[in-house]
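A.B. asks: Give me a 3D structure for the following:
(one chain, ligands or ions: 1)
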Amino acid sequence: MLVEKNVSLQGMNTFRIVAKAQSLVRVASHQDVQELLQNPHWRDWPKRVLGGGSNIVLTGDVEPLVLKSEVMGLRLLEETDKALIVEAGGGESWHGLVRWTLQQGYPGLENMALIPGTVGAAPVQNIGAYGVELQDRFHSLDAVDLQTGELFTLDAAQCGFGYRDSVFKHTGRMGLKDRAMIVRVRLSLPKPWKPVLGYADLERHMEQSGNHAPDAWTIYDWVCDVRRSKLPDPEVVGNAGSFFKNPTVTEEQCQDIIARDPKVVHYRLDNGSVKLAAGWLIDACGWKGKTMGHAGVYEKQALVLVNRGSGYDGNGATGGEVMTLAKAIQTSVYERFGIMLEPEPMVW
Ligand code: EPU
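C.D. replies: Residues are numbered from 1 along each chain as shown. Next up, the predicted model:
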């Protein structure tokens, strides 16, 4: 098992922040982890799992051993009357999986097209977009215990999915943060396929095109279109997608805010609470397009923080600058609306 030393992580995080892993191992199978754990030094050393690096902020060099997920493979596992069960290696690109399923004629993931990152990272924050979350298509996953090397399987209930949340984001007795590496994910694509078109941006495409019965590829194209029009391409502008979660408030809190800001974008949830658009709140505080140090707020979507430097010219944002900007945004949203925004990415 080759442990690489002082590995640059700049190309391995979509913010393109400059930082190094003091030690890094590329994991192509769960046996690689088991082999690593036979070495007493690495067995006891703290570890972090790195997928596509699209949901992390690096605030310095990384001392724990970085396990870079490179478990590959895409296959149809099973077809029943009710669903197609597809299995993918944790190191596969998520968008690559979405494309592959559509090419095979297995629709169901099209609303989640173009989400950056790997398949193994998808359950960690229960990725979602345009009306579909990973948990809506999830079957089960295999993970390897980073202390014992044991391979285990979790179903959806055991993953504890919530909005951009799962057991893999939590420490403590029930949490699996830094304690397990997801090596394979199985998805269940329901039969017959039903389009999910409730989201305003997709309804707009339906109206404009006059196509009211789009197939999965058309929805895929529309989703790619919407994302390209409002989210920065990490290949061009360093970023980690939405930087904050959309906050949930009570009906009373929402009425208070509406009384002062009638235009606040909000969605009523089934449980009686109300979700607010964090992007709108940040925008309303005047942050859109602003820059602090080398970090900035994206011009077309205030929920996305970006690296103003090219990232490779030594003139890019540090993780500290990104976090300073994030804190300034949190403070101003709190002062105006009484809401503390919660960051979405993990801070390393
Ligand atoms: N808005 C503004 N100003 C802004 C940004 C947004 O007024 O600067 C308003 C929009 O006009 C819209 C509302 O806020 O009415 C919501 O914006 P949008 O549709 O862009 O979605 P979002 O709530 O900001 C969420 C997810 C995205 C996902 C989209 C589509 C979170 C934290 N983000 O964004 O996920 O792609 O919905 O489903 O839930 C991600 O998690 O990294 C991510 C990109």
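
A.B. asks: Around the ligand, which positions in this protein sit nearby?
C.D. replies: Counting by CB under 6 Å from any ligand atom, the chain comes close to the ligand at 129-130, 230, 241-242, 245-246, 265, 277, 279-280, 283, 288, 301-303, 344. In short, each C-beta sits where N, CA and C put it, glycine included.

A.B. asks: Go ahead and build a PyMOL selection from the buried members of the residues you listed.
C.D. replies: What follows is the PyMOL syntax for the buried subset of these, where burial is set by 16 or more other CB atoms under 10 Å:
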select buried, resi 129+130+241+242+245+246+277+279+280+283+288+301+302+303+344
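
A.B. asks: so how many other residues sit close to residue 35?
C.D. replies: 15 (other CB atoms under 10 Å).

A.B. asks: Begin at 64 from now on, thanks
C.D. replies: New numbering, starting at 64: the last item is residue 98.

A.B. asks: now it: how far from the ligand?
C.D. replies: 34 Å (CB to the nearest ligand atom, to the nearest Å).

A.B. asks: Show me what the helix or strand hosting that residue is packed against.
C.D. replies: According to DSSP states H and E, residue 98 maps onto helix 93-100. The contact analysis (3 or more CB pairs under 8 Å, 6 or more residues apart in numbering; DSSP states H and E) places helix 93-100 against strand 83-90, helix 103-107, strand 201-208, strand 243-253.

A.B. asks: who touches the top helix by length along the chain?
C.D. replies: In the chain, assigned by DSSP state H, the helix with the most residues is helix 382-400. For helix 382-400, the external contacting residues (CB atoms under 8 Å, 6 or more residues apart in numbering) are 78, 80, 82, 120-123, 306-307, 320, 324, 341, 344-345, 347-348, 350, 355-360, 368, 370, 402-404, 406, 410-411.

A.B. asks: Which ones among the residues of the chain next to the ligand lie within helices?
C.D. replies: If you go by DSSP H, these have 293, 342, 343, 346 in helices.

A.B. asks: Any chance of TSV for these, columns pLDDT?
C.D. replies: Shown next, in TSV, are these (pLDDT from 0 to 100):
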residue	pLDDT
293	93
342	98
343	97
346	98
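
A.B. asks: Identify the residues contacting the nearest residue to residue 276 once chain neighbours are set aside.
C.D. replies: Of all residues not flanking residue 276 in the chain, residue 258 sits nearest, at 7.9 Å (CB to CB, 6 or more residues apart in numbering). Going by CB under 8 Å, 6+ apart, residue 258 touches 276, 277, 279, 282.

A.B. asks: pLDDT score assigned to residue 258?
C.D. replies: Looking at residue 258, its pLDDT stands at 97.
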